[in-house]
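Trainee: sequence-free structure coming up:
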């Protein structure tokens, strides 16, 4: 990679000129037709939690990014900065990445690929100013700007940790609106400060996981503290926070980059809303998958569609599991929608459940005599899927008296690629009269759901999730 970067630099014929920027006590800055009158108070620069001594610098906030003078930041981070005066272009590179920015151009050249810039590099008072978040991200860094303490925090290591996780003042802080609402990027935590009367016990929320949203109700009106609006973050973990005031109540809608859960804590009079992986909050997690859906009916018999039977059984299993406060359940679908097999697997793998259970109905074209229950799993060094498949197979056959077709090893997509112990149940044959009568009888979904639920309880009782 270093050789490739060297080739790029040679090909583009960089003419390097060294330069330095010395800030006066005050600057009169014009950007995008606006006048920025900045007093150049000390800006603190932190690399991987260690403060770096540097000259005074100017920071201009534009939309969701900040402009900084390039030579004031990146040379302190092990990145090389070179300026081609004839091309009016800036070259920034470290050992793995090369970025070329042309003054006033909304296109950046990154490792041979053109990328769109929201804020172009520009010249202000003979200073080359660059969008810090964009450049930092493309160099493989994580960048935060805290206006409250005039600090730039840059993480160049994936394993960089806060020095004191219990002290929110030592964390990377991105203030969204005012002193009352802030976000800790490093810890994926929303902080509500000084909201008079607000207690953690009064906050309710819903994890709308199919939309990657967490809807938080403060259950009182805090419009005097929090300004309504959308606050984009574009960060891993939390993408944006929306504040809504309606019917004398304040609501936060947190949009995440993937399926997340929420922990609510109080600390030093502040409310901490921690966005975490489901597995970091719940000790027992199950994913239920209703096969087929929407345009994919599965097997059919007259007006009876497999997708509908799968969904009815799945929804009943989900309902039973939701009534158990010790188990958190997620469903790949809860209505007549369709997901590709890969989407079902990705859904489960984001959640990191203890078990993945896919529900299906069987058929054999032209053979109405075929009947019974069978359960599939994929051979693995982790034999818990086989163990659970055996438990479910035996329990369903005992409950409904169906023909025992046994457990079967197979490389079905959802059982093969799901990280959790996974099974796929074929409960009965739709084109077999006896099985069909059973599966369409009143109360069947209830009995089937309770049987699967009991198997899940037995699985945990045996300590198989450890």
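Mentor: Ah, there it is. Owing to the predicted nature of the structure, the values given are computational and were not obtained by experimental measurement. Numbering: from 1, shown residues only.
Trainee: those helices in the protein, which residues are they?
Mentor: 2-11, 132-138, 278-281, 306-322, 341-351, 384-400, 413-417, 433-439, 444-461 (DSSP state H).
Trainee: From the contact counts, what lies against the second one?
Mentor: Right, helix 132-138. Contact analysis of helix 132-138 by 3 or more C-beta pairs under 8 Å, 6 or more residues apart in numbering; DSSP states H and E lists strand 65-69, strand 98-102, strand 107-110, strand 142-146 as its packing neighbours. Yep, even glycine has a C-beta here, placed from its N, CA and C like the rest.
Trainee: go with 10 Å
Mentor: Packed against helix 132-138, as judged by 3 or more C-beta pairs under 10 Å, 6 or more residues apart in numbering; DSSP states H and E, are the following elements: strand 65-69, strand 89-93, strand 98-102, strand 107-110, strand 113-116, strand 142-146, strand 151-155.
Trainee: quick one: the third one to chain centroid distance?
Mentor: Right, strand 98-102. The gap between where strand 98-102 is centred and where its chain is centred comes out at 29 Å by C-alpha atoms, centre = their mean, to the nearest Å.
Trainee: Mind listing the strands that strand pairs with, and their directions?
Mentor: Strands that pair with strand 98-102, judged by DSSP bridges, come out as strand 89-93 (antiparallel), strand 107-110 (antiparallel).
Trainee: same question for that strand, mean pLDDT?
Mentor: The predicted model assigns strand 98-102 a mean pLDDT of 89.
Trainee: low pLDDT regions in the chain?
Mentor: Along the chain, the parts satisfying pLDDT under 70 run over 1-42, 49, 54-57, 63-64, 75-77, 147-149, 157-178, 234-235.
Trainee: domains for it, by residue range?
Mentor: As assigned by automatic domain parsing, the chain contains the domains 2-152, 161-280, 285-461.
Trainee: Can you tell me the centre-most residue of the protein?
Mentor: Using C-alpha atoms, centre = their mean, the residue of the chain that lies closest to the mean C-alpha position is residue 258, 2.5 Å off.
Trainee: circling back: wait, which of the strands paired with strand 98-102 is closest to residue 443?
Mentor: The minimum distance between residue 443 and the strands paired with strand 98-102 falls on strand 107-110, with 60.5 Å, by C-beta to C-beta.
Trainee: Burial check on the residue nearest to residue 432 when sequence neighbours are not counted, number of neighbours?
Mentor: Spatial nearest neighbour of residue 432, chain neighbours left out: residue 371 (4.2 Å); criterion: C-beta to C-beta, 6 or more residues apart in numbering. Each residue near residue 371 was counted by other C-beta atoms under 10 Å, and the total is 20.
Trainee: what's the answer for residue 322, then?
Mentor: By other C-beta under 10 Å, 12 other residues sit near residue 322.
Trainee: got it, and the one 5 residues further on?
Mentor: Using other C-beta under 10 Å, residue 327 has 19 other residues around it.
Trainee: Pipe the helices of the chain into a markdown table and attach distance to residue 367 per row.
Mentor: Formatted as a markdown table, the entries for the helices of the chain read as follows, by distance: least, C-beta to C-beta, whole Å:
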| stretch | distance to residue 367 |
| --- | --- |
| helix 2-11 | 60 |
| helix 132-138 | 58 |
| helix 278-281 | 42 |
| helix 306-322 | 16 |
| helix 341-351 | 26 |
| helix 384-400 | 20 |
| helix 413-417 | 24 |
| helix 433-439 | 12 |
| helix 444-461 | 23 |
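Trainee: which stretch among the ones you listed comes nearest residue 50?
Mentor: Nearest to residue 50 among the helices of the chain is helix 132-138; the distance by C-beta to C-beta comes to 16.4 Å.
Trainee: how far is the closest one from where the chain is centred?
Mentor: Per C-alpha atoms, centre = their mean, the displacement of helix 132-138 from the mean C-alpha position of its chain is 20 Å.
Trainee: List the contacts of the residue nearest to the centre of the chain.
Mentor: Residue 258 makes contact with 209, 212, 236-237, 239, 277, 346-347, 350-351 under the criterion C-beta atoms under 10 Å, 6 or more residues apart in numbering.
Trainee: still on that earlier bit, tell me which of the helices and strands packed on helix 132-138 approaches residue 390 most closely.
Mentor: Between residue 390 and those, the shortest separation by C-beta to C-beta is 46.1 Å, and it involves strand 142-146.
Trainee: circling back: from the strands paired with strand 98-102, which stretch is densest packed?
Mentor: For those, the stretch with the most neighbours on average is strand 89-93, a mean of 22; neighbours defined as mean count of other C-beta atoms under 10 Å.
Trainee: now that one, how far from the centre of its chain.
Mentor: Relative to the mean C-alpha coordinate of its chain, strand 89-93 is positioned 32 Å out (C-alpha atoms, centre = their mean).
Trainee: and residue 267, how many neighbours does it have?
Mentor: 13.
Trainee: Who is the nearest residue to residue 357 once chain neighbours are set aside paired with across the strands?
Mentor: Spatial nearest neighbour of residue 357, chain neighbours left out: residue 288 (5.5 Å); criterion: C-beta to C-beta, 6+ apart. Under the criterion DSSP bridges, residue 288 forms beta bridges with residue 331, residue 357.
Trainee: what's the spacing between the residue nearest to residue 432 and residue 394?
Mentor: Distance of residue 371 to residue 394, given as C-beta to C-beta, to the nearest Å: 17 Å.
Trainee: Give me whichever of the domains of the chain is most buried.
Mentor: domain 285-461 (a mean of 19).
Trainee: Give me the distance between the two termini of that one.
Mentor: End-to-end distance for domain 285-461, by C-alpha to C-alpha, to the nearest Å: 14 Å.
Trainee: mind listing the strands for the stretch 201-350 of the chain?
Mentor: In chain order, the stretch 201-350 of the chain shows strands spanning 204-208, 213-217, 229-232, 238-246, 249-256, 261-267, 270-276, 285-290, 300-301, 304-305, 328-331, with DSSP state E, counting those that start in this stretch as the criterion.
Trainee: pretty sure residue 277 is touching residue 328, no?
Mentor: No - using C-beta atoms under 10 Å, residue 277 is not in contact with residue 328; the gap is 11.9 Å.
Trainee: any common contacting residues for these two?
Mentor: Residues touching both residue 277 and residue 328 by C-beta under 10 Å, 6+ apart: 261, 351.
Trainee: show me the contacts for residue 338.
Mentor: Contacts for residue 338 (C-beta under 10 Å, 6+ apart) come out as 292-296, 307.
Trainee: what about 6 Å?
Mentor: Shown here is residue 338, whose contacts under the criterion C-beta atoms under 6 Å, 6 or more residues apart in numbering are 293-294, 296.
Trainee: ok, now which ones touch the nearest residue to it once chain neighbours are set aside?
Mentor: Distances taken as C-beta to C-beta, 6+ apart place residue 294 nearest to residue 338, at 3.6 Å, with adjacent residues excluded. Taking C-beta under 6 Å, 6+ apart as the definition of contact, the neighbours of residue 294 are 336-338.
Trainee: I am finished for the moment; much appreciated.
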